[in-house]
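*Asks:* Model the structure of this input:
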Amino acid sequence: MLTPEEMEKVQTYLQQLFWNPEIRVQKGEGVQAPAEVFVGKEFIGVIYKNNDDGEISYDWNMSILSEDIERF
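*Replies:* Residues are numbered from 1 along each chain as shown. Below is the predicted model:
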């Protein structure tokens with residue numbers, strides 16, 4: 001689970017990386033829920049925190065539905 005400070009840092013990183021200030025990272029529902037990522041009001045994925053032998057990483061999981069890409 002990400003802390004509020006980690007969510008803010010990851011949000012800032014994603015906003016700068018993708019040049020999009022509308023990216024928002026917020027706490028997921030539930031005690032052990034991953035953080036949720038939104039662009040505006042659109043939910044786009046989740047972020048998990050991993051601690052592997054003291055090395056911390058953040059994994060972003062984004063599912064793309066076939067029906068969503070058919071619109072393009």
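
*Asks:* just so I have it, where are all the helices in this protein?
*Replies:* Ranges of helices in the chain, per DSSP state H, are 4-17, 66-69.

*Asks:* which one of those helices is the most hemmed in?
*Replies:* Counting by mean count of other Cβ atoms under 10 Å, helix 4-17 has the highest mean neighbour count of the helices of the chain, with a mean of 14. (Glycine included, C-beta is placed from N, CA and C.)

*Asks:* Report the distance from that one to the chain centre.
*Replies:* 9 Å (Cα atoms, centre = their mean, to the nearest Å).

*Asks:* Go ahead and flag the most central residue of this protein.
*Replies:* V37 (3.7 Å; Cα atoms, centre = their mean).

*Asks:* Once you drop chain neighbours, what's closest to that one?
*Replies:* Spatial nearest neighbour of V37, excluding adjacent residues (Cβ to Cβ, 6 or more residues apart in numbering): G45 at 4.8 Å.

*Asks:* Touching, that neighbour and M62? I think so.
*Replies:* Yes: assessed by Cβ atoms under 8 Å, G45 is found in contact with M62 at 3.6 Å.
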